[in-house]
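[1] give me a model of this one.
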Amino acid sequence: MAYEQKTKETDHSVTEFIAKVDHPKKKEDAYRLLEIFEETTGYQAKMWGASVIGFGKYHYKYESGHEGEAPLVGFSPRKSKISLYFAPGDEKREELLKDFGKHTTGKACVYINKIEDINVDVLKELIRQSMIFLQESYPDR
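    Next up, the predicted model:
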């Protein structure tokens, strides 16, 4: 059975998505993150699936044969926390996170409550490093 990628780039409006965020502080932070990510990546924001705001994209192919496209970096203002999406497997990410501020981590995600909890300069470096790592790991993008 072929795997169907769930999170695909869409033509939905990023600003309309952010405008619908219920929590006023989370909405404010989402607009600020939009600025930071666009400025740092040089890419226009695109919606990926129903709730991920992604920047740039790359084509991946695993040894298993599974392949698809994903944003280089991204974020999503979720109900409980803001999810930041960086490259999984990048050892430099762990080093940068030591100076990032208050956060928790998952496999590919870094979770924050609000921008005031983090070091924005480290965020920008995490964005740059993730892009470099993915572009080196998957050069045929």
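[2] residues contacting stretch 44-57, please?
    For stretch 44-57, the external contacting residues (C-beta atoms under 8 Å, 6 or more residues apart in numbering) are 6-14, 17-18, 30, 33-34, 37-38, 41, 43, 69-76, 78, 85, 131, 141. Backbone N, C-alpha and C define where each C-beta goes, glycine included.
[3] among the residues you listed, which are located in helices?
    14, 17-18, 30, 33-34, 37-38, 41, 131 (DSSP state H).
[4] buried subset of those as a PyMOL selection?
    To isolate the buried ones among the ones in helices among the contacts of stretch 44-57 in PyMOL, judged by 16 or more other C-beta atoms under 10 Å, type:
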select buried, resi 14+17+18+30+33+34+37+41+131
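[5] make a markdown table from the ones in helices among the contacts of stretch 44-57 and add distance to residue 117 to it.
    Rendered in a markdown table, the data for the ones in helices among the contacts of stretch 44-57 read as follows (distance: C-beta to C-beta, whole Å):
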| residue | distance to residue 117 |
| --- | --- |
| 14 | 23 |
| 17 | 23 |
| 18 | 19 |
| 30 | 15 |
| 33 | 13 |
| 34 | 18 |
| 37 | 17 |
| 38 | 21 |
| 41 | 22 |
| 131 | 23 |
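[6] okay, the ones in helices among the contacts of stretch 44-57 in JSON lines with pLDDT and distance to residue 110 next?
    Formatted as JSON lines, the entries for those read as follows, by pLDDT from 0 to 100; distance: C-beta to C-beta, whole Å:
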{"residue": "14", "pLDDT": "98", "distance to residue 110": "20"}
{"residue": "17", "pLDDT": "97", "distance to residue 110": "20"}
{"residue": "18", "pLDDT": "97", "distance to residue 110": "19"}
{"residue": "30", "pLDDT": "98", "distance to residue 110": "15"}
{"residue": "33", "pLDDT": "98", "distance to residue 110": "12"}
{"residue": "34", "pLDDT": "98", "distance to residue 110": "17"}
{"residue": "37", "pLDDT": "98", "distance to residue 110": "13"}
{"residue": "38", "pLDDT": "98", "distance to residue 110": "19"}
{"residue": "41", "pLDDT": "97", "distance to residue 110": "16"}
{"residue": "131", "pLDDT": "95", "distance to residue 110": "15"}
